[in-house]
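>>> coords please:
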Amino acid sequence: MPSSPQIAIIGGGAAGFFAAIQAKENHPNAEVVIFEKTTKLLSKVKVSGGGRCNVTNAETNIKKLSQAYPRGSAKLKKAFQIFSTKDTIAWFESRKVRLVKQEDNCVFPVSQDSQTIIDCFLREAKRLGIRIEMKAGIDEIIPEGDRLKLKIQQGGRVRIFDKVIVATGGSPKRSGLDWLEKLGHKIVHPVPSLFTFKIPKNPITQLMGVVVETAVTNIQGTKLKGDGPLLITHWGMSGPAILKLSAYGARLLAEKNYVCNLQVNWVGVSSYDAVYQLLTQIRQDHPQKLLANYRPYLLPERLWHHLLEKVDLPKGKKWNELGKKGMNRLINVLTNDVYEVRGQTKFKEEFVTAGGVSLDDVNFKTMESRVVPNLYFAGEVLDIDGITGGYNFQAAWTTGFIAGQLNHGPDR
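Residues are numbered from 1 along each chain as shown. Okay, the predicted model is just below:
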C-alpha cells in the first residue's frame with residue numbers, strides 16, 4: 001500500500017465501525033473514511049437486546065460457538081481462532097467498557113445501555129481520526145487497476161480508494177445486493193431469519209405474556225429444533241425456542257411461505273416414559289389433589305389450565321381419577337402439542353437475514369474478495385447469520401477485525 005493509503009468503509013454499523021477502527025490502528029498513516037447512507041450510525045447496536053446491546057456470547061469453545069450459526073459455521077470456526085469471544089470481551093474492557101455475563105451466557109455492558117457501546121465506538125473513531133460521512137450511500141464500486149472507484153449517491157461525487165471494506169449489513173431485498181453482484185460476486189438470495197410465528201385465531205394467544213422456561217420446538221416433518229424460553233404473544237409465539245427454530249429453518253420456512261405445523265414440548269423432556277413416571281408419581285403421592293391445583297414441571301398456571309381444557313380434562317377432576325386415556329392425552333399435549341403457523345413477524349429494527357454475498361467468494365483468512373482485489377467484506381452483508389444470544393454481533397466483530405488487517409491472502 002502507498003505510504004498514505006486511502007481506505008473506505010461502506011456502512012456505519014457494528015461491523016463497519018469495528019473494521020474501521022482496526023484498519024486505522026493497523027495503518028495509522030492511512031485516511032480511513034466511513035460512508036453511511038442514512039442519518040444514523042450504529043442503529044442496530046442502539047436497539048439490540050431491547051436497547052441493552054447483547055455484545056457477544058460467553059461461549060469460549062470454538063466448536064460450540066460456531067454451531068450457533070445456521071449459515072457460515074465452518075468458515076467462522078476458523079475465523080474465531082483469529083478473533084474470538086474472549087478477544088471481544090478483552091477489547092471492550094480494555095476501552096473501559098465493563099461487561100457482565102448473564103446466566104444464559106449473553107454478555108451485556110454493565111450499564112445495561114447500548115449507548116455505552118455506541119459511545120465507545122464514537123470515542124475510538126474520534127481518537128483515531130476516522131472520518132465519518134453521513135447521507136453518503138455508495139451507488140457503485142468500479143475497479144481501476146489495483147484501486148477502487150466509489151460513486152457516491154449524494155452529489156454524484158466520485159472518490160478513489162486503495163482498499164474498500166463493505167459492511168452494509170443484511171439486505172432484506174435481493175435488489176439491495178445487485179451492486180455487489182455486478183462486480184461478479186455470487187449472491188445467495190436473502191430471506192428473513194430470527195422471526196416470530198403467527199398463530200392466528202388460536203386460543204393460545206389469549207395467554208399472551210406467559211413464558212415457559214424450558215420448551216422444545218420443532219417443525220413437524222423435519223429434524224429442525226429450537227429450545228429455551230418460549231413466550232406466548234397476542235399474535236402467536238416468540239422467545240429463544242422460536243427464534244432459534246426460525247434461524248435454522250429460515251430457508252425451509254420461506255419455501256413454505258411460513259405455513260407449517262409447529263410442535264411444542266412444553267416440559268422439555270423428550271422421553272414419554274419419563275413424563276409418564278412423573279405423572280404416575282403425582283397420582284400416587286397426591287391422589288386427592290385437583291388437576292387444576294397441582295401443576296407438573298411448575299408450568300405457568302394459565303398455560304396448565306389451557307392445556308387441561310384442550311384435552312378435555314376438567315380442572316375439578318382429582319389426580320387419582322385420571323385414567324389411562326386421560327394420562328395419554330395429558331402426556332401428548334405436554335410433549336407434543338401442535339399449532340398451525342400462518343406467517344411470521346420480523347423485528348423491523350433488528351432484522352437478520354439469511355443470505356448475502358456467497359462465502360465461496362471470500363477468503364476468510366483476510367475477508368478479501370476472491371473476485372475483486374483490495375475489496376473486503378465484514379458482517380451480515382455476507383451469507384452469515386447466527387441464532388439469538390449475541391452471536392450476530394460476534395460475527396460482525398470477528399469479520400470486521402480480520403477485514404481491518406487489510407491483508408492479502410495466499411489464496412485470494
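
>>> Spell out, range by range, the strands that occur in the stretch 251-400 of the chain.
259-265, 337-342, 344-345, 352-357, 362-363, 368-369, 375-377 (DSSP state E, counting those that start in this stretch).

>>> Wasn't residue 213 part of a strand?
Yes. Assigned with DSSP: H, G, I helix; E, B strand; the rest coil, residue 213 falls within a strand.

>>> Leaving out the residues flanking it, which one is nearest to it?
Distance criterion C-beta to C-beta, 6 or more residues apart in numbering; nearest residue to residue 213, sequence neighbours excluded, is residue 229 at 5.3 Å. C-beta: built from backbone N, CA, C; applies to glycine.

>>> Surely the one you found forms part of a strand?
Yes. According to three-state DSSP, the state of residue 229 is that of a strand.

>>> Now do the contacts for it.
211-215, 239-241 (C-beta atoms under 8 Å, 6 or more residues apart in numbering).

>>> Out of these, who's the most crowded?
Within the contacts of residue 229, most neighbours by other C-beta atoms under 10 Å means residue 241, with 25 neighbours.

>>> Check that one and give its pLDDT.
Residue 241 carries a pLDDT value of 97.

>>> Now do it against residue 344, distance only.
Remark: distance between residue 241 and residue 344 (C-beta to C-beta, to the nearest Å) = 15 Å.

>>> And for residue 226?
14 Å.

>>> hey, what's in contact with both of those two?
Both residue 226 and residue 344 are in contact with residue 246, where contact means C-beta under 8 Å, 6+ apart.

>>> Compare these two and say which one has the larger neighbour count.
Remark: of residue 226 and residue 344, residue 226 carries more neighbours, 25 against 20, as counted by other C-beta under 10 Å.

>>> where's residue 49, which helix or strand?
For residue 49, the element it lies in under DSSP states H and E is helix 43-51.

>>> Count the neighbours of residue 146 for me.
Neighbour tally, residue 146, other C-beta under 10 Å: 10.

>>> tell me the contacts of residue 371?
With C-beta under 8 Å, 6+ apart, residue 371 has these contacts: 183-185, 361.

>>> Which of those sits closest to residue 265?
Distance to residue 265 across these (C-beta to C-beta) is lowest for residue 361, with 40.0 Å.

>>> Go ahead and confirm that closest one touches residue 369.
Yes. At 6.2 Å, residue 361 and residue 369 qualify as touching, with contact defined as C-beta atoms under 8 Å.

>>> who has more neighbours, these two?
residue 369 (22 against 19).

>>> Pull the contacting residues for that one.
Residue 369 sits next to 183, 185, 361-363, 375-377 when contact means C-beta under 8 Å, 6+ apart.

>>> what about 7 Å?
185, 361-362, 375-377 (C-beta atoms under 7 Å, 6 or more residues apart in numbering).

>>> So which of these wins on neighbours?
Neighbour max across the contacts of residue 369 (other C-beta under 10 Å) = residue 377, 31 neighbours.

>>> Could you report the distance from it to residue 38?
Per C-beta to C-beta, residue 377 is found 20 Å from residue 38.

>>> contacting residues for residue 158?
Applying C-beta under 7 Å, 6+ apart, the residues near residue 158 are 149-151.

>>> run the last query once more with 8 Å
So residue 158 contacts 149-152 (C-beta under 8 Å, 6+ apart).

>>> Can you tell me which of those end up in strands?
In this view, the contacts of residue 158 that belong to strands under DSSP state E are 149-152.

>>> if I pick residue 151, what's in contact with it?
Here residue 151 is in contact with 138-142, 157-158 (criterion: C-beta under 8 Å, 6+ apart).

>>> correction: residue 125
17, 20-21, 34, 132.

>>> Is it part of a helix or strand, or is it coil?
Quick answer, by three-state DSSP: residue 125 is helix.

>>> What count of nearby residues applies to residue 238?
20.

>>> Thought residue 198 was touching it, still the case?
No. Applying C-beta under 8 Å as the test, residue 238 and residue 198 come out as separate, 10.3 Å apart.

>>> Check the gap between residue 405 and residue 180 for me.
Counting by C-beta to C-beta, the gap between residue 405 and residue 180 amounts to 21 Å.

>>> quick one: which of those two has more around it?
More neighbours surround residue 180 than the other of residue 405 and residue 180, with 24 against 19 (other C-beta under 10 Å).

>>> check which helix or strand covers the more buried one.
With DSSP H and E as criterion, residue 180 is part of helix 178-181.

>>> Tell me which residues of that helix come out buried.
179-180 (16 or more other C-beta atoms under 10 Å).

>>> Show me which residues of the helix or strand following that helix are buried.
Downstream of helix 178-181, the next assigned helix or strand under DSSP H and E is strand 187-193. For strand 187-193, the neighbour count (16+ other C-beta under 10 Å) marks 187-188, 190-193 as buried.

>>> any idea which of the contacts of residue 158 is closest to residue 284?
Out of the contacts of residue 158, the member with the shortest distance to residue 284 (by C-beta to C-beta) is residue 150, at 74.5 Å.

>>> Now do the closest one: how many residues are near it, please.
20.

>>> next one: residue 96
The burial count for residue 96: 9, using other C-beta under 10 Å.

>>> And for the one 4 residues further on?
The burial metric for residue 100, expressed as a neighbour count using other C-beta under 10 Å, is 12.

>>> go on, the one 5 residues further on?
Residues near residue 105, counting by other C-beta under 10 Å, number 14.

>>> Check the one 10 residues further on too.
A total of 15 residues lie near residue 115 under the criterion other C-beta under 10 Å.

>>> Do I have it right that it meets residue 45?
No. Between residue 115 and residue 45 there is no contact under C-beta under 8 Å: 9.1 Å.

>>> Residue 338 versus the nearest residue to residue 295 once chain neighbours are set aside, what's the distance?
Spatially, and ignoring its direct neighbours in sequence, residue 295 is nearest to residue 304 (4.5 Å; C-beta to C-beta, 6+ apart). Using C-beta to C-beta, we find residue 304 at a distance of 18 Å from residue 338.

>>> And residue 162, by the same measure?
58 Å.

>>> Looking at those two, which has the bigger crowd around it?
Higher neighbour count among residue 162 and residue 338: residue 162, with 19 against 11, using other C-beta under 10 Å.
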